[in-house]
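# Got a predicted model here, sequence first, then my questions.
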Amino acid sequence: EAQVTQNPRYLITVTGKKLTVTCSQNMNHEYMSWYRQDPGLGLRQIYYSMNVEVTDKGDVPEGYKVSRKEKRNFPLILESPSPNQTSLYFCASSPSRTAGTQYFGPGTRLLVL
Amino acid sequence: AQSVAQPEDQVNVAEGNPLTVKCTYSVSGNPYLFWYVQYPNRGLQFLLKYITGDNLVKGSYGFEAEFNKSQTSFHLKKPSALVSDSALYFCAVRDGSNDMRFGAGTRLTVKP
């Protein structure tokens, strides 16, 4: 089954404790992206990657890092989480940046205390 | 810069009635427009898109959307709402060279 998976689905952590949210897709897509969803703000892009070893900032990259060492994986790293990073996070993929339709993972709900 | 607005936070309709979820956009070039739906505890699912061609686009689950260039709108419609249509709906826009921008979302509630 074609899908985007994220782990963990739910995470409670404390300020300053490094964490990684994994994202994997099995559709051989070149383009992958991370979003955060906050009430009243919709989805805002954090980082994106157009291919292996090619990543770039989205609209709200502060406090986040990403890497793209393999085509299928695109982990999101919070080196020192803060309470304002409490949010719902989505990973998405598509065949290319201009392909249009994106396929979304199930989401990761993060609470930073 | 591209942007998209969903002017209604919440839309309530009775089952069997037609529904409309509104979306307006702003882009510098030709727009690529999308609608996604999010059910509780799920990721976003693609409903339909407009790239070019016929202004009326048909999508999944009986939904359709009408592209109106003069009004810069792309409203989502369905002739007869179902309770199971209750969800959060997002409009998104891209102008071909930039990444997708999402609206804030509209929560649709269909009452029996």
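Yep, that arrived.

# ok, and the closest non-adjacent residue to the residue of chain B found nearest chain A?
Residue nearest to chain A within chain B: B:G43 (3.6 Å; Cβ to the nearest Cβ). For the C-beta atoms, the positions are set from N, CA and C on the backbone; glycine is no exception. Nearest residue to B:G43 in three dimensions, chain neighbours excluded: A:F104, at 3.6 Å (Cβ to Cβ, 6 or more residues apart in numbering or on different chains).

# Isn't that neighbour up against A:V4?
Yes: between A:F104 and A:V4 a contact is recorded at 6.2 Å, counting by Cβ atoms under 8 Å.

# quick one: common contacting residues for the two?
Here A:F104 and A:V4 have A:91-92, B:43 as joint contacts, going by Cβ atoms under 8 Å, 6 or more residues apart in numbering or on different chains.

# With pLDDT and secondary structure as new columns, can those residues be given to me in CSV?
Output for these, formatted as CSV (pLDDT from 0 to 100; DSSP: H, G, I helix; E, B strand; the rest coil):
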residue, pLDDT, secondary structure
A:C91, 97, strand
A:A92, 95, strand
B:G43, 87, coil
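
# can you tell me which of the residues you listed lies nearest to A:Y31?
Distances from A:Y31 to those, taken as Cβ to Cβ, are shortest for A:A92 (8.5 Å).

# ok, that closest one - contacts?
Contacts of A:A92 by Cβ under 8 Å, 6+ apart are A:4, A:32-35, A:102-105, B:44.

# rerun at 10 Å
Neighbouring residues of A:A92 by Cβ atoms under 10 Å, 6 or more residues apart in numbering or on different chains: A:4, A:23, A:25, A:29, A:31-35, A:43, A:45, A:48, A:74, A:101-105, B:43-44, B:100.

# Give me the distance between the residue nearest to it when sequence neighbours are not counted and B:D99.
Closest residue to A:A92 apart from its sequence neighbours, by Cβ to Cβ, 6+ apart: A:Q102 at 4.2 Å. Plainly put, A:Q102 is 10 Å away from B:D99 if you go by Cβ to Cβ, to the nearest Å.
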